[in-house]
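>>> Fold the following, please.
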Amino acid sequence: MRSHVNLLGLLQLAWGGMALLLGASLLLLAAGAAAIARTSHGDPMTAAFTAFLFIVFATALALGGYANAWVGRALRQHRAPARTGALLLSVVNLFVLPFGTMLAIYTYWVLLHDEARGLFEHGTSAH
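Sure, this is the predicted structure:
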C-alpha cells in the first residue's frame, strides 16, 4: 500500500502543477483583457468584466493547485494532515471530469484502506 500512497502523492503533485499552470495562463488572459479594456474606444466594460472573471478563476485555480501540490508532497512524506486534506480535496476533484473524478476515486480507494490509514496514524515519516 506504501507504493500506492507514493503514487497518489505524485498524481496530486501533477494535478496541482497543472492547476497552477492553468491559473498562470488565465492571469495572462486577464492581462490581455485588461489591456483591451484600457485601449478600447467603445464600451470597455465587457473587457474589464472579462478580466475580472479571469482573475477570479485564476485565483481559485492557483489556490486549488497549491492545495493539491501541498497534499501531494505531504502524502509522500506520510504526514497525518495530508490524508485528511487529500480526502477533503477529493470531494472537489470529483466534479472535475474526467481526470479529477478518477483521481478522487483513486484517493478514496488508497486512503480509506486500513493499511494506508496505519501509515498516517503512527506519525512515521518514511520515504
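
>>> now residue 66: how far from residue 58?
According to Cβ to Cβ, to the nearest Å, residue 66 stands 12 Å off from residue 58. C-beta here means a position set from N, CA and C on the backbone, and glycine is covered the same way.

>>> Then residue 19?
Separation of residue 19 from residue 58 (Cβ to Cβ): 10 Å.

>>> again with residue 45
20 Å.

>>> Looking at these two, which is more packed in?
residue 58 (19 against 10; other Cβ atoms under 10 Å).

>>> for this structure, which spans come out with low pLDDT?
Filtered on pLDDT under 70, the chain yields the residue ranges 122-127.

>>> leaving aside the residues next to it on the chain, what's closest to the residue nearest the centre of the chain?
Centroid check for the chain by Cα atoms, centre = their mean gives residue 65 as the closest residue, at 3.1 Å. Nearest-residue entry for residue 65: residue 19, 3.0 Å, with adjacent residues in sequence omitted and distances by Cβ to Cβ, 6 or more residues apart in numbering.

>>> Provide the secondary structure category for that neighbour.
helix (DSSP: H, G, I helix; E, B strand; the rest coil).

>>> Now for it: which residues touch it?
Contacts here follow Cβ atoms under 8 Å, 6 or more residues apart in numbering; on that basis residue 19 touches 61-62, 64-65, 68.

>>> Tell me how far it lies from residue 71.
Residue 19 is 12 Å from residue 71, by Cβ to Cβ.
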